[in-house]
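Undergrad: please find the sequence and the predicted model below.
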Number of protein chains: 2
Amino acid sequence: MTTKKEIVDKETCPAQALLKMLSGKWKPEIFRLAVKAPLRFSSLLRTIEGSNKQALAVALRELEEVNLLKKIVIRQKPLHIEYNLTTKGEALIPIFLQLENLA
Amino acid sequence: MTTKKEIVDKETCPAQALLKMLSGKWKPEIFRLAVKAPLRFSSLLRTIEGSNKQALAVALRELEEVNLLKKIVIRQKPLHIEYNLTTKGEALIPIFLQLENLA
DNA sequence: TTTGGTAGTCATAATTTTCTGACTTATTGC
DNA sequence: GCAATAAGTCAGAAAATTATGACTACCAAA
């Protein structure tokens, strides 16, 4: 059974881990857009107002490192790269949706 | 029925709101400790290694502002102030616990 | 009305994050 | 090989966040 103990155990606390994974100015927004559709670097740059290449590159890399996004290289006319939610990323969606019901 | 649409709607996105409410160096840890027991300023200062008055004061005020903590003034021998989770704060616990099951 | 304890505030300094703009790599088609 | 396009990297500058240490507010008991 799951108890309050777990949320209180510093080393394992999953909430702290999640907050860390999604910390930073752009990661939440990138994750949110990834729920909608696969991401492309250049369109992300156009879509996310006020962002810049460096910011997005770092955020995408970090989201990849924590296994929320996966990078897919598509060898085509001009090089294409797509970022998709991983299984772990998808698993967050129903949890986040529950936040709807908070006052 | 709850759909992906909601997590994708920028203005209302509850996940973004939550991440914002708990952003910053100390807020996650303060929230975590508040799950265990009511908080007192001075003991928090002793407990959270590396923190300082300013940091904690700001974090506590912000957690209060978003209605995750409530402040209770206890008029006693020396002034006492307690911070407790609000109903909204309590409501987050079961949601956070589900994060246990993520890879 | 002074003392002692808790709970802070405030201005400034240090640190961390983020931004800007120039430069690099990779691939395809000519 | 050379140009064009996508996807970046990098160093230095700017901005935002966090830390430090001195100071203040409040209350109760003596």
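TA: Cool, got the structure. Residues are numbered from 1 along each chain as shown, chains lettered A, B, ... in the order given.

Undergrad: from what I can see residue A:56 touches residue A:26, true?
TA: Yes: in this structure, residue A:56 is within contact of residue A:26 by CB atoms under 8 Å, at 6.5 Å. Just so you know, the C-beta spots here come from the backbone N, C-alpha and C atoms, and that holds for glycine as well.

Undergrad: need the overlap of contacts for those two.
TA: Common neighbours of residue A:56 and residue A:26, using CB atoms under 8 Å, 6 or more residues apart in numbering or on different chains, are residue A:48.

Undergrad: can you point out the buried residues in stretch A:67-80?
TA: Buried residues in stretch A:67-80, counting neighbours by 16 or more other CB atoms under 10 Å in any protein chain shown, are found at A:68, A:69, A:70.

Undergrad: what about the helices in chain A?
TA: Listed from the start of the chain, chain A has helices (DSSP state H) covering A:4-8, A:14-21, A:27-36, A:41-47, A:53-65, A:87-97.

Undergrad: so which bits of chain A are right by DNA strand D?
TA: By CB under 7 Å from any atom of the strand, the part of chain A that sits against DNA strand D consists of A:40-43, A:53-54, A:57-58, A:60-61, A:71, A:78-81.

Undergrad: who wins on neighbours among the residues you listed?
TA: With neighbours defined as other CB atoms under 10 Å in any protein chain shown, the most crowded of those is residue A:60; it has 21 neighbours.

Undergrad: Provide a list of residues in contact with that residue.
TA: Counting by CB under 8 Å, 6+ apart, residue A:60 touches A:30, A:39, A:41, A:44, A:69, A:71, A:83.

Undergrad: just to revisit the earlier point, give me the subset of the buried residues of stretch A:67-80 touching DNA strand C.
TA: Among the buried residues of stretch A:67-80, no residue sits close to DNA strand C (CB under 7 Å from any atom of the strand).

Undergrad: ok, back up a step: can you put the helices of chain A in CSV and add distance to residue A:103?
TA: What follows is the helices of chain A, written out as CSV (distance: least, CB to CB, whole Å):
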stretch, distance to residue A:103
helix A:4-8, 20
helix A:14-21, 19
helix A:27-36, 21
helix A:41-47, 31
helix A:53-65, 30
helix A:87-97, 16
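
Undergrad: of those, which is nearest residue B:16?
TA: Between residue B:16 and the helices of chain A, the shortest separation by CB to CB is 5.0 Å, and it involves helix A:27-36.

Undergrad: and stretch A:28-41, is it in reach of DNA strand C?
TA: No: using CB under 7 Å from any atom of the strand, stretch A:28-41 never reaches DNA strand C; the gap is at least 10.3 Å.

Undergrad: hmm, who's touching that stretch?
TA: With CB under 8 Å, 6+ apart as the contact definition, stretch A:28-41 has outside contacts at A:22, A:44, A:47-48, A:56-57, A:59-60, A:63, A:68-69, A:72, A:80-85, A:89, A:92-93, B:4, B:7-8, B:10, B:13, B:15-16, B:19-20.

Undergrad: now, the buried residues of stretch A:67-80 that are in strands?
TA: Among those, the members found in strands (DSSP state E) are A:69, A:70.
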